[in-house]
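Chemist: need a 3D model of the following:
(one chain, ligands or ions: 1)
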Amino acid sequence: MTPQIASHARPRRSGLSVAGAFRLLVVVLFLAAGLAVVHHLGGVGGGPAGTAAPGSLNGAATPTFSIFAIFNLNPWPRPTEPPPAATPGGPLPIGVVAGHWGNDSGAVCDGWLREVDINLAIAERVVYTLRALGYEVDLLQEFDPRLEGYRAQALVSIHADACLYPEASGFKVARVEDSAVPQQEDRLVSCLIDRYQARTGLEFHEGSITPDMTHYHTFYEIDPRTPGAIIEVGFMLADRELLLNEQDVVAQGIVEGILCFVRDEGGE
Ligand SMILES: [Zn+2]
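Modeler: From the prediction side, this is the model:
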């Protein structure tokens with residue numbers, strides 16, 4: 001028999017050799033990797049069906065497995081929320097021009113009553129109300145740079161009539177004479193006439209519609225596809241009480257006319 005000396009030939013060193021430590025490290029890493037995979041797969045399959053993973057953009061749980069997941073490393077920064085959706089086909093705004101605003105005073109009565117102040121006060125109320133209803137609305141100056149090629153669901157310019165004729169009372173609405181979208185603009189005009197008359201009780205003063213209205217400069221600045229109208233909300237002498245003290249009623253009449261048009265309710 002061969003004497004069993006091998007086990008005694010070299011006394012075993014106490015502690016861990018370098019090679020042993022390396023093997024142990026490999027085993028630990030292997031176990032850690034195995035646990036990570038089990039944990040990961042369990043997480044993907046364990047949730048209720050249809051539950052979107054946090055950070056998932058489209059709601060679909062997409063199993064991912066990578067060395068980065070095992071060691072919980074982020075190879076690149078992840079977006080915390082989806083990028084803003086581009087809405088090139090979203091609804092067009094509504095444009096409201098406060099007549100003369102940013103340019104001149106408009107008509108002046110009795111040395112103190114300026115048309116521009118009436119127009120702006122009413123326009124601001126119209127814009128406020130339409131925005132409260134969820135519409136995107138632009139409040140525009142008389143010669144606003146944005147009016148060049150302006151695209152909108154509708155554009156309405158608000159003016160008031162002067163004090164030259166003490167007996168004159170009523171309102172006027174007109175669109176451009178040579179319209180590119182006559183059916184739409186006629187409907188916008190008739191909506192404004194119908195709703196404004198019903199709300200304010202003023203008479204439609206058709207006889208005094210002038211080329212100033214039908215050839216209004218803004219109509220030639222906006223995109224021809226934008227339905228536009230100009231409204232003279234009343235006379236600053238005979239209708240002064242309404243224009244100064246009932247501006248909410250005046251604005252509401254215009255708002256209802258615009259809503260009639262954009263909601264396709266018909267005007268007459
Ligand atoms: Zn004016």
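Chemist: what about residue 156, which SS state?
Modeler: Three-state assignment for residue 156 (DSSP: H, G, I helix; E, B strand; the rest coil): strand.
Chemist: can you tell me the element residue 233 falls in?
Modeler: Using DSSP states H and E, residue 233 maps to strand 228-235.
Chemist: got the CA coordinates for that strand in PDB?
Modeler: The C-alpha coordinates for strand 228-235 follow below in PDB (Å, rounded to 0.1, in the frame of the first residue of the first chain):
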ATOM      1  CA  GLY A 228     -63.300  87.600 -40.300                       C
ATOM      2  CA  ALA A 229     -65.900  90.100 -39.300                       C
ATOM      3  CA  ILE A 230     -66.000  93.600 -37.800                       C
ATOM      4  CA  ILE A 231     -68.600  94.700 -35.400                       C
ATOM      5  CA  GLU A 232     -69.600  98.300 -34.400                       C
ATOM      6  CA  VAL A 233     -71.100  97.600 -31.000                       C
ATOM      7  CA  GLY A 234     -73.200 100.800 -30.800                       C
ATOM      8  CA  PHE A 235     -73.100 104.600 -31.000                       C
END
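Chemist: who does that strand pair up with?
Modeler: strand 154-161 (parallel), strand 172-174 (antiparallel) (DSSP bridges).
Chemist: near the ion at all, it?
Modeler: No - applying Cβ under 5 Å from the ion, one finds strand 228-235 out of contact with the ion, separated by at least 7.3 Å. Every residue, glycine included, has its C-beta placed from N, CA and C.
Chemist: average model confidence for that strand?
Modeler: The average of the pLDDT scores along strand 228-235 is 98.
Chemist: list the contacts of residue 123.
Modeler: 96, 97, 98, 99, 101, 139, 158 (Cβ atoms under 8 Å, 6 or more residues apart in numbering).
Chemist: specify the beta-bridge partners of the spatially closest residue to it that is not a sequence neighbour.
Modeler: Spatially, and ignoring its direct neighbours in sequence, residue 123 is nearest to residue 98 (3.7 Å; Cβ to Cβ, 6 or more residues apart in numbering). According to DSSP bridges, residue 158 are recorded as the beta-bridge partners of residue 98.
Chemist: all good on my end, thank you.
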